[in-house]
Each structure stands twice: as structure tokens, then as C-alpha cells.
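Asker: Generate a structure from the sequence data that follows.
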Amino acid sequence: VQLVESGGGLVQAGGSLRLSCAASGYTFTISAMAWYRQAPGKQRELVARIESGTGTTNYADSVWGRFTISRDNAANMMYLQMNSLKPEDTAVYYCNALRITMDTMGTHENNYWGQGTQVTVSS
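Answerer: This is a model prediction of the structure:
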């Protein structure tokens, strides 16, 4: 599975951005996709997650009500609509895909990552 993010940039506080993630490869085996972010000096954190089968979504408390994650399965795309952006949202945003496979040895989980896209929110 290969992932490529786009849509980052510089925006003023209160503004909006839409991130996109294009997936290719064995996309039919993806169990869930997510957006993570990492600010300078901080650990990478989960921003939002969406299940492949049910479409169930989960959000970090810090972005709930402001960000919306969505998928277009037919186009193998995932999006993150970010509204009411704050300076503390500044980070590199990464697209993630979780692939679960099973064989005679058991169940295997593999995580795939994009290269990241910078989001900078000025005050």
C-alpha cells in the first residue's frame, strides 16, 4: 500500500484546509485509515480515524467538532476537512492505513504511512 498526502499549507487562525490522501496498491485489504500529526518536539498523535467496513469515525478531543474525516472508496481517497484552525494545529500531518491479513501463522497488522504534509496555522 502506498499513500500520498496533499493539501497542506499556511493558513490564518480560523481558516480552513482540506487534506487529501491517495492510496494505491492492495487497497482492498485496508481495514482502517487515519490521519496523524506530529508537531515539533512532540510525539505523533492520532487526529481522526475511519473504519473501512462500517465507516465509523473517531476523533481526538482536540479536533472534535472542527475536523471531519471522510473516504471515497471508489477513488481510493481519504480526506480531512479542517475548519476553525488554531495555531496549535500546526504540525506535519500523516496519512495512515492499517492492513490486517491472516495466514496459517495467525493475524498480522501492518501500518503504512505517507510522507506527510505540513500544516501551519498563523495567529
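Asker: In contact with A32, which residues are there?
Answerer: For A32, the contact set (C-beta atoms under 8 Å, 6 or more residues apart in numbering) comprises 49-52, 97-98. Bear in mind the C-beta positions are built from the backbone N, C-alpha and C, glycine included.
Asker: of all these, which two lie farthest apart?
Answerer: Of all pairs drawn from those, the one with the largest separation by C-beta to C-beta is E51 and A97; the distance is 12.0 Å.
Asker: The two: which is more packed in?
Answerer: It is A97, of E51 and A97, that has more neighbours when counted by other C-beta atoms under 10 Å, with 25 against 15.
Asker: How much space separates that one from I30?
Answerer: For A97, the distance to I30 (C-beta to C-beta, to the nearest Å) stands at 5 Å.
Asker: okay, and the common contacts of the two?
Answerer: Taking C-beta under 8 Å, 6+ apart as the contact rule, the neighbours common to A97 and I30 are 1, 23.
Asker: And the strands in the protein, which stretches?
Answerer: With DSSP state E as the definition, the chain shows strands at residue ranges 2-6, 9-12, 17-24, 30-38, 45-51, 57-59, 67-72, 77-82, 91-103, 106-113, 117-122.
Asker: Reformat those into a markdown table and put mean pLDDT next to each item.
Answerer: Output for these, formatted as a markdown table (pLDDT from 0 to 100):
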| stretch | mean pLDDT |
| --- | --- |
| strand 2-6 | 96 |
| strand 9-12 | 98 |
| strand 17-24 | 96 |
| strand 30-38 | 95 |
| strand 45-51 | 97 |
| strand 57-59 | 97 |
| strand 67-72 | 96 |
| strand 77-82 | 97 |
| strand 91-103 | 93 |
| strand 106-113 | 92 |
| strand 117-122 | 98 |
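Asker: Phi and psi next, for the residue located most distally from the centre of the chain.
Answerer: Largest separation from the mean C-alpha position in the chain: T104, at 31.2 Å (C-alpha atoms, centre = their mean). In terms of degrees, to the nearest 10, the main-chain angles of T104 are phi -70, psi -20.
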